[in-house]
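Undergrad: one predicted model, sequence on top.
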Amino acid sequence: MTYIVMDPCIKCKFMDCVEVCPVDCFYEGENFLVINPDECIDCGVCEPECPVDAIKPDTEDTPDGKWLRVNTEYAKVWPNITLKGEPPADATDFERETGKFEKYFSEQPGKGS
C-alpha cells in the first residue's frame, strides 16, 4: 500500500502534508501535489494533515487506478518539495469543489524546494 493525492488537492495545494513527511516523497506541480509511491513508506502521517482530505491510501483509489497512475507519472517529472510553501491565494475558493482534475489540472511543474 502507498498513499496518493487525489482531486481535492487541485487548486488548493495547502502543503501541510509536506512538513510532516519523514521521507520527502512529495512532488510539486503548478496547482497540485503528488506522492511518489516508490518512496512512500506508508506511515500515514500526511493523511490527517490535509485540510481538504485529498490524501488517501491507494486502496481508496478509483477502480481504474487513476490517482495511483497520476501520482506515479508526475512524481517522475515534477520537482521534489520538502518545505511548506504558501497555498494559492484563492485556495479556499476551491476547497470543496469536485471534479477539479478535468477542469483545472495543470501538467506544469511547480517550484519545488
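TA: On my side now, so go ahead.

Undergrad: look at residue 23 and report its pLDDT.
TA: Per-residue confidence (pLDDT) for residue 23: 96.

Undergrad: tell me how many other residues crowd it.
TA: Neighbour count for residue 23, taken as other Cβ atoms under 10 Å: 12. The C-beta positions use only the backbone N, C-alpha and C, and glycine is treated the same way.

Undergrad: which element is encountered next along the chain beyond the helix or strand bottoming out on mean pLDDT in the chain?
TA: When the helices and strands of the chain are compared on mean pLDDT, DSSP states H and E, helix 91-94 comes out lowest with a mean of 92. Counting by DSSP states H and E, the next helix or strand C-terminal to helix 91-94 is helix 100-104.

Undergrad: where is the longest helix in this structure?
TA: When the chain is parsed with DSSP state H, its longest helix is helix 66-75.

Undergrad: contact partners of that helix?
TA: 2, 4-7, 25, 27, 29, 32, 34-39, 56, 58, 61, 101, 107 (Cβ atoms under 8 Å, 6 or more residues apart in numbering).

Undergrad: ok so, going back, how much distance is there from the least confident helix or strand of the chain to the middle of the chain?
TA: Helix 91-94 sits 16 Å away from the centroid of its parent chain (Cα atoms, centre = their mean, to the nearest Å).

Undergrad: just to revisit the earlier point, in strands only, show me the contacts of helix 66-75.
TA: 4, 5, 27, 34, 35, 56 (DSSP state E).

Undergrad: residue 34 contacts residue 26, doesn't it?
TA: Yes. With contacts counted by Cβ atoms under 8 Å, residue 34 reaches residue 26, the gap being 7.2 Å.

Undergrad: re earlier: can you show me the CA trace of the least confident helix or strand of the chain as CSV?
TA: Only the C-alpha atoms of helix 91-94 are listed here, as CSV (Å, rounded to 0.1, in the frame of the first residue of the first chain):
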residue,chain,number,x,y,z
ALA,A,91,-7.3,28.1,-2.5
THR,A,92,-10.3,28.4,-0.2
ASP,A,93,-12.5,29.2,-3.2
PHE,A,94,-11.8,25.7,-4.5
